[in-house]
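A.B. asks: just to be clear, the model below is a prediction. Sequence and coordinates:
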Amino acid sequence: MNQILVIEDEQRVAELLQTGLEESGYKVIVAVMGQLACDSFFNILLI
């Protein structure tokens with residue numbers, strides 16, 4: 001399963017992205033801090 005990291009400070013926007021992407025079959029991790037993206041490897045990064 002592909003993973004996507006969503007970095008978004010607006011909670012509602014992050015929830016909408018997470019829901020849509022999970023319904024499309026992705027494992028989604030939501031973060032509000034960009035450092036997490038630098039510490040991990042992901043297939044796709046949406047900022």
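C.D. replies: Thanks, I have it.

A.B. asks: contacts and neighbour counts: CA atoms only from here.
C.D. replies: Fine.

A.B. asks: give me the number of residues near K27?
C.D. replies: Other residues near K27 come to 14 when the count uses other CA atoms under 10 Å.

A.B. asks: got it, and V32?
C.D. replies: Counted with other CA under 10 Å, the neighbours of V32 add up to 14.

A.B. asks: and I7, by the same measure?
C.D. replies: Neighbour count for I7, taken as other CA under 10 Å: 19.

A.B. asks: and it, what are its bridge partners?
C.D. replies: As for beta bridges, I7 partners with A31 under DSSP bridges.

A.B. asks: hang on, it packs against V32?
C.D. replies: Yes. In this structure, I7 is within contact of V32 by CA atoms under 8 Å, at 5.3 Å.

A.B. asks: joint contacts of those two?
C.D. replies: By CA atoms under 8 Å, 6 or more residues apart in numbering, I7 and V32 have no common neighbours.

A.B. asks: how about L16, what does it touch?
C.D. replies: By CA under 8 Å, 6+ apart, no residues touch L16.

A.B. asks: that one - that's part of a strand, no?
C.D. replies: No. Using DSSP: H, G, I helix; E, B strand; the rest coil, the assignment for L16 is helix, not a strand.

A.B. asks: and it, how far from G25?
C.D. replies: Distance from L16 to G25, counting by CA to CA, to the nearest Å: 15 Å.

A.B. asks: and L17, by the same measure?
C.D. replies: Distance from L17 to G25, by CA to CA: 12 Å.
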